[in-house]
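1. here is the input, now give the coordinates:
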Amino acid sequence: MNSFEINKVIAAILVTILVVFGIGKISDIIFDKGKESIVAYKVEAPEGEAVQASSEASVDMSALLAMGDIAHGEKVYKKCKACHSIKQGGGNKIGPALWNVIFRPIGSITDYKYSKALSSYGKEWTWEEMNGFLIKPSKWIPNNKMGFAGLKSEKDRASVILYLNQNSDDPKPLP
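-> Predicted structure coming up:
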């Protein structure tokens, strides 16, 4: 390679660097923000997780559960099947057995090792608790060890809740 070819390569690299940095400088000049940046519309966010819990707990559960279908819940439950057993007398897997889960105290199966977050939660699996937990388990009960991302679809959550309720010695009446 002669010196003329080397000069062309170096010149191409330098021109590329100048163009990249030059476009940034020119755009800063054209779109000058001045001394301070002004937000067009500021939204005040409410404090912490209490808002998340109260907004999701205020769901009309009878209307939500009316969207559900037990057969659809059985299909959606296949996502849960890898970690949870739903059979009567079925043992624990990676997660606890879910037979009789609706209105059972949270963290109450004695032969399963729950996370500290779940064992100290102190509530039971009501319709609202189950719905909130199924939206995003890690957000509803922080620091629990369930690695499931959650069910965003209201129909999917309602259907799974109905399916879980059906798989019980004593299915609870719907709200």
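
2. look up how far residue 165 lies from the spatially most central residue of the chain.
-> Nearest residue to the geometric centre of the chain (Cα atoms, centre = their mean): residue 136, 3.4 Å. For residue 136, the distance to residue 165 equals 21 Å [Cβ to Cβ, to the nearest Å]. Bear in mind the C-beta positions are built from the backbone N, C-alpha and C, glycine included.

3. again with residue 121
-> Residue 121 is 20 Å from residue 165, by Cβ to Cβ.

4. higher neighbour count, the two?
-> Remark: of residue 121 and residue 165, residue 165 carries more neighbours, 24 against 18, as counted by other Cβ atoms under 10 Å.

5. residue contacts, that one?
-> When contacts are counted by Cβ atoms under 8 Å, 6 or more residues apart in numbering, residue 165 is found next to 102, 171-172, 174.

6. in which helix or strand would I find it?
-> Taking DSSP states H and E as the criterion, residue 165 maps to helix 154-166.

7. alpha carbons of that helix, as CSV, please.
-> What follows is helix 154-166, C-alpha atoms only, in CSV (Å, rounded to 0.1, in the frame of the first residue of the first chain):
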residue,chain,number,x,y,z
GLU,A,154,-57.8,-8.9,32.6
LYS,A,155,-59.6,-11.8,30.9
ASP,A,156,-56.6,-14.0,31.5
ARG,A,157,-56.3,-13.1,35.2
ALA,A,158,-60.1,-13.4,35.7
SER,A,159,-60.1,-16.8,34.0
VAL,A,160,-57.1,-18.1,36.0
ILE,A,161,-58.8,-16.9,39.3
LEU,A,162,-62.0,-18.7,38.3
TYR,A,163,-60.0,-21.9,37.5
LEU,A,164,-58.1,-21.7,40.8
ASN,A,165,-61.4,-21.3,42.6
GLN,A,166,-62.9,-24.3,40.9
